[in-house]
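Peer 1: 3D, please:
(2 chains)
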Amino acid sequence: QVQLVQSGAEVKKPGASVKVSCKTSGYTFTSYGINWVRQAPGQGLEWMGWISTYNGNTNYAQNLQGRVTMTTDTSTGTASMELRSLRSDDTAVYYCARRANLDYWGQGTLVTVSS
Amino acid sequence: DIQMTQSPSSLSASVGDRVTITCQASQDISNYLNWYHQKPGKAPNLLIYDASNLETGVPSRFSGSGSGTDFTFTISSLQPEDIATYYCQQYDNLPYTFGQGTKLEIK
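Peer 2: Have a look, this model is predicted:
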C-alpha cells in the first residue's frame, strides 16, 4: 500500500534551519511529484511547493522563494524540504503529499519555532 | 495566483441533512478541482478529484459538481463521522491554492 512517512517533530530557534523528510513506499517513486503543504495552528492549508521526482524540477510558493529548498533521493524514495531563516510564523505542521491530486499524505511534522 | 473563495466558513447541520459547500475560482480552472476533509490532528483526506470523481473508498453520499469557476460539494445525508473541516483546492495552475475551509459541525 502507498505510504508517506515523515520525520519527527522539531523545535528550532528563530534564524535556524529545519529539514523535514518524507519516505515513500508502495509505488514507483519517480511516477508522481511530491508537494509540500503546511498548516499553522488553527489555520488553513498553505501550498509551499512541488518537486518533480522524475527530473528534480521545482516550483516554490512566491512567499517562500529564497528560503525553501526541496530535494529528492530516488535511491531511497525520499523527498525532503529544507526551510531556512526560520521565523515564529513558520510554526506549523508540515505535510508532504503525492501528485497534484494530493491523493496520499504524510502524517505531518510539527515544526515549532521559538526562542 | 488563482484565488479560491469557499463558503460558508462554518456550517451546523443535523444528522441526515443534505449539506452543500461552494467554491469559486478567480479564473477558469476547467475541472481541475479537488475536495478534501480534515479531522482534528489528522492529515487531509482526498474525497473528490477532477471536480466530480469520487476517490476510491470514499462513501457515495459525497459528491461534487461544477466546472470553470463555480463548484459545489454535497453530502447527501450527513453522518456523525463527517464532522471535519472541508477544503477545495485548484490544480489548474501553479501555485496550487486552497479555499479557506468550511468547518462542519453537528447540531
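Peer 1: pLDDT score for the most centrally placed residue in chain B?
Peer 2: Nearest to the geometric centre of chain B sits residue B:35, at 3.7 Å (C-alpha atoms, centre = their mean). Residue B:35 is assigned 98 on the pLDDT scale.
Peer 1: then residue A:100?
Peer 2: Per-residue confidence for residue A:100 comes out at a pLDDT of 88.
Peer 1: surely it meets residue A:33?
Peer 2: Yes - Residue A:100 lies in contact with residue A:33 (C-beta atoms under 8 Å); the separation is 7.3 Å. Bear in mind the C-beta positions are built from the backbone N, C-alpha and C, glycine included.
Peer 1: part of a helix, is residue B:41?
Peer 2: No - under DSSP: H, G, I helix; E, B strand; the rest coil, residue B:41 sits outside any helix and is assigned coil.
Peer 1: run a quick neighbour tally on it.
Peer 2: Neighbourhood size, residue B:41 [other C-beta atoms under 10 Å in any protein chain shown]: 8.
Peer 1: now it: how far from residue A:49?
Peer 2: In this view, residue B:41 and residue A:49 are 24 Å apart by C-beta to C-beta, to the nearest Å.
Peer 1: what of residue B:80?
Peer 2: When residue B:80 is compared with residue A:49 (using C-beta to C-beta), they lie 36 Å apart.
Peer 1: higher neighbour count, these two?
Peer 2: Legend: neighbour count by other C-beta under 10 Å for residue B:80 and residue A:49, higher for residue A:49 (21 against 7).
Peer 1: that one bridge partners, please.
Peer 2: For residue A:49, the beta-bridge partners are residue A:36, residue A:60 (DSSP bridges).
Peer 1: which residues touch it?
Peer 2: Contact analysis of residue A:49 by C-beta atoms under 8 Å, 6 or more residues apart in numbering or on different chains lists A:35, A:36, A:58, A:59, A:60, A:61, A:64, A:68, A:70, A:81, B:95.
Peer 1: of all those residues, which comes closest to residue B:50?
Peer 2: Lowest distance from residue B:50 to these (C-beta to C-beta) belongs to residue A:35, with 16.8 Å.
Peer 1: that closest one: how many residues sit nearby?
Peer 2: Neighbour count for residue A:35, taken as other C-beta under 10 Å: 26.
Peer 1: so who does it touch?
Peer 2: Shown in contact with residue A:35 (C-beta under 8 Å, 6+ apart): A:47, A:48, A:49, A:50, A:96, A:97, A:98, A:99, A:100, A:102, B:96.
Peer 1: please report how far the most centrally placed residue in chain A lies from residue A:101.
Peer 2: For chain A, the residue nearest the mean C-alpha position is residue A:36 (3.9 Å; C-alpha atoms, centre = their mean). To residue A:101, residue A:36 is 15 Å away according to C-beta to C-beta.
Peer 1: what ranges does chain B have for its strands?
Peer 2: When assigned using DSSP state E, the strands of chain B occupy the ranges B:4-7, B:10-13, B:19-25, B:33-38, B:45-49, B:53-54, B:62-67, B:70-75, B:84-90, B:97-98, B:102-106.
Peer 1: from residue A:35, how far off is residue B:24?
Peer 2: In this view, residue B:24 and residue A:35 are 23 Å apart by C-beta to C-beta.
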